[in-house]
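S.K.: structure for this input, please:
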Amino acid sequence: MSTATRERAATEVHPSVAALRAVGLIGSGKAPAGAPRDLSRAHGVWAVTLEDVGDVVVKTAPYTQDDDGPGTLGAELFVHRLALWCEPLRRVLPTPVVVDEAAMVLVTHEVVGPEPNAAFLADSDLAHRLGERTGRVHRATAGLPVPPAPHPHVLAVVHEGTATGVAADLAGHPEVLAAADELRRPAGGCLVHGDLKWSNLAVGADGPVVLDWELAGGGDPAWDVGSLAAEHLVRPGARAGLGPLLTGYAAGARPASRVLPAFSRRVALAAGLRVAQLALEIASQELADVDALVRDVVDRAVGLVLDRAALEREVWSWLAA
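M.R.: Residues are numbered from 1 along each chain as shown. Sure thing, here's the model as predicted:
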């Protein structure tokens, strides 16, 4: 590293600190209590301790994806504004500290709780409460003129004529192509998270909290439910949580009996395709024995799609219970 580079790095303000100063949470000459902790996956996200506020999570637009692409901070800021009058949505969000569209900064209290994977594996009541809260959000936002959510990644890539690797493998199964084609057709309409998985969940003092709403927007509620179902179907020991999840969802969403057959079918298809998307995500990571792991997940995804009728009946039975 050159002398000039070292000098510039020493004087640059950390992006989380710049964001906190921009929204007035710390003064221009002040700094957080301790160094920011990097929580980033797809975006720049940092945990910061503030003397007067406590532990917070900071997101700022220059370190998220471009506004022209899927997954923007603008979507998450919109969700937090919508939650001001939508109580079911407010209950599943981390508590906001600052929601500033002008500065494109979101600051929320950090959720501190047990490891989500272990908690949802061990506690069927927690799975039921997550399902119920998800259902209440879908019911409360049904029919609202919400900006559309981007299509789930897997629904697009399996249709690409130039798809390679895992995407081409998935596209080689006519049943997978047919399932993706069916889910690409609009059905229903409410605010959906778009990327529900255990790594986007936390357990707060009041129960399940849903994080990372960058892919949120108006969409098909079956994708959210199928995504949560997929987590229970592929995690060792988690299968028993599927029933509580779905009965909880039915209690929150209160779906009409006439829509249950079609909705159950879409949930079953979404579960299989969400596992297929998991294979795509794993393939993009640098992991040991990644090829064998991807092959196993692809086989699981294809198996769920092929056996969707059995899963559809199970989903229907729980939703109608």
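S.K.: give me phi/psi at Pro32?
M.R.: phi -60, psi 160 (degrees, to the nearest 10).
S.K.: could you measure it against Gly165, distance?
M.R.: According to CB to CB, to the nearest Å, Pro32 and Gly165 sit 42 Å apart. The C-beta positions use only the backbone N, C-alpha and C, and glycine is treated the same way.
S.K.: show me where the stretch 151-300 of the chain has helices.
M.R.: Here the stretch 151-300 of the chain has its helices, by DSSP state H, counting those that start in this stretch, at 153-157, 165-171, 174-184, 221-234, 242-253, 260-283, 290-306.
S.K.: hmm, back to that, which of Pro32 and Gly165 has more neighbours?
M.R.: Pro32 (21 against 12; other CB atoms under 10 Å).
S.K.: roughly how far apart are the more buried one and Leu39?
M.R.: Applying CB to CB, the value for Pro32 to Leu39 is 14 Å.
S.K.: one step back: looking at the helices of the stretch 151-300 of the chain, which is buried most?
M.R.: helix 221-234 (a mean of 26; mean count of other CB atoms under 10 Å).
S.K.: quick check: Val111 touching Gly204?
M.R.: Yes. The pair Val111 / Gly204 is scored as a contact, 4.9 Å apart, by CB atoms under 8 Å.
S.K.: so what sits against both of the two?
M.R.: Listed as contacting both Val111 and Gly204 by CB atoms under 8 Å, 6 or more residues apart in numbering are Pro94.
S.K.: so for these two, which residue has more residues nearby?
M.R.: Neighbour count, other CB under 10 Å: between Val111 and Gly204, Val111 has more, with 19 against 16.
S.K.: from Ala205, how far off is that one?
M.R.: Relative to Ala205, and taking CB to CB, Val111 is found at 9 Å.
S.K.: ditto for Asp212
M.R.: In terms of CB to CB, Asp212 sits 20 Å off from Ala205.
S.K.: neighbour count: the two, which is higher?
M.R.: Under the neighbour definition other CB under 10 Å, Asp212 and Ala205 were set side by side, and Asp212 has more, 22 against 8.
S.K.: I'd say that one and Ala75 touch.
M.R.: No. Asp212 is beyond contact range of Ala75, at 10.2 Å (criterion: CB under 8 Å).
S.K.: what about this protein, any weak spots by pLDDT?
M.R.: 1-11, 42-43, 62-71, 161-163 (pLDDT under 70).
S.K.: which residue ranges make up the domains of it?
M.R.: 3-109, 116-319 (automatic domain parsing).
S.K.: the closest residue in space to Val53 that isn't next to it in sequence: what secondary structure?
M.R.: Leaving aside its sequence neighbours, Val53 sits nearest to Val97 (CB to CB, 6 or more residues apart in numbering; 6.2 Å). What DSSP: H, G, I helix; E, B strand; the rest coil gives for Val97 is strand.
S.K.: surely Val97 is in contact with Asp55?
M.R.: No. The pair Val97 and Asp55 does not pass the contact test of CB under 8 Å, sitting 10.5 Å apart.
S.K.: tell me which of those two has more neighbours.
M.R.: With neighbours defined as other CB under 10 Å, Val97 and Asp55 compare such that Val97 has more, 18 against 15.
S.K.: how far away is the more buried one from Asp52?
M.R.: Relative to Asp52, and taking CB to CB, Val97 is found at 11 Å.
S.K.: distance from stretch 160-177 to the middle of the chain?
M.R.: 24 Å (CA atoms, centre = their mean, to the nearest Å).
S.K.: for stretch 291-307, same thing?
M.R.: 21 Å.
S.K.: can you give the contact residues for it?
M.R.: Residues outside stretch 291-307 that contact it (CB under 8 Å, 6+ apart): 166, 169-170, 173, 175-176, 179, 230, 233-234, 268-269, 271-273, 275-276, 278-279, 282-283, 287, 311.
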